[in-house]
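# From the sequence below, what's the structure:
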Amino acid sequence: MPQQLENKEIILNVRKPIGWTSNDVIRYIKHRFAAKVGHAGTLDPFADGVLVVCLGKATKRVAELMDLEKEYRATIEFGIETDTLDMSGKIVKRDVNLSLSDKQVREVFPLFVGDIQQKPPAFSAVRIDGQRAYQLARAQKDLILEKRHVTIYAINMLHYQHSRATLDVRCGKGTYIRSLARDMARALGTVGYVRTLTRTRIGDYHLNQAISIENIL
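Model (predicted):
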C-alpha cells in the first residue's frame with residue numbers, strides 16, 4: 001500500500017543508478033508513495049549520482065532547486081567521438097594521430113570557465129518545435145540547435161592517462177558536460193566524448209549523503 005504523502009513536503013537526495021533514466025526513478029518512487037513526484041534536473045541514463053526528488057508539496061520547489069549550483073566528475077576520452085557524445089552511442093569519428101599531454105588539456109580550461117555559449121548535444125531533452133531533440137536525432141532528422149548561455153565556475157583535472165582526463169566541473173543550470181567534452185576536444189584540434197559521468201552535488205545535496213534506490217523506503 002503506497003504511503004500517503006500528498007500533503008507533506010519531502011525532498012529526497014537520491015543516488016540515480018547507471019542505466020536508469022531520471023523518469024525511471026520518478027516512476028519507481030510513485031509506485032511507493034501516494035504523492036506528486038518530480039525531480040530537479042535530469043541526469044543522463046549512462047550517468048549516476050545526485051538526483052534531487054521532490055514529493056508532495058515540495059514539487060512546487062522544483063524550479064528553485066533546478067537553479068542551484070551543480071558539480072560533476074567526468075572522464076573525457078579524447079580521440080574518439082560518438083553520436084551521443086557518451087558511452088552509449090556509436091563511434092562516428094576517430095583521431096588516429098592523437099597526441100595530447102595533460103598540460104595541453106589544462107591550457108584550454110580558461111576558454112570554458114565563466115559565462116559561455118554552449119550548443120546542447122543532438123541527443124538531449126531540449127525541445128525543438130514541440131519534440132525532444134533526441135527523438136529527432138534517433139529518426140535521423142536534421143537538427144538546428146541554438147547555442148545557450150551557461151555558466152561554468154571551475155574545471156579541475158584530477159587525473160590524466162592514455163588520453164583520458166578525469167575532471168571535476170562546477171557549473172550552473174543547463175550545462176551539458178557532454179557538450180563541454182565535445183567543445184574542449186575541438187579546441188584541442190581533436191574529438192572527444194564522456195566516458196563516465198557522476199553528479200556529485202546539487203546545492204547542499206551531496207553524493208556522500210545520497211540514498212540508494214533500494215533504501216528509499
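# Domain boundaries for this protein, per the record?
Domain assignment of the chain by automatic domain parsing yields the ranges 3-67+204-215, 70-202.
# In terms of helices and strands, where is A181?
Taking DSSP states H and E as the criterion, A181 maps to helix 177-187.
# Next SSE downstream of that helix?
Per DSSP H and E, the first helix or strand lying C-terminal to helix 177-187 is strand 192-202.
# before we move on, the earlier item: want to try a markdown table for the domains of the chain, with mean neighbour count as columns?
(Glycine included, C-beta is placed from N, CA and C.) Putting the domains of the chain into a markdown table (neighbours: other Cβ atoms under 10 Å) gives the following:
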| stretch | mean neighbour count |
| --- | --- |
| domain 3-67+204-215 | 17 |
| domain 70-202 | 17 |
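# would TSV of those with mean pLDDT be doable?
Supplementary listing: the domains of the chain in TSV, determined by pLDDT from 0 to 100:
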stretch	mean pLDDT
domain 3-67+204-215	91
domain 70-202	89
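# which residues sit in contact with the spatially most central residue of the chain?
Among the residues of the chain, the one closest to the centroid is L43, at 4.8 Å (Cα atoms, centre = their mean). For L43, the contacting residues are K16, S22, G49, V50, L51, R199, by Cβ atoms under 8 Å, 6 or more residues apart in numbering.
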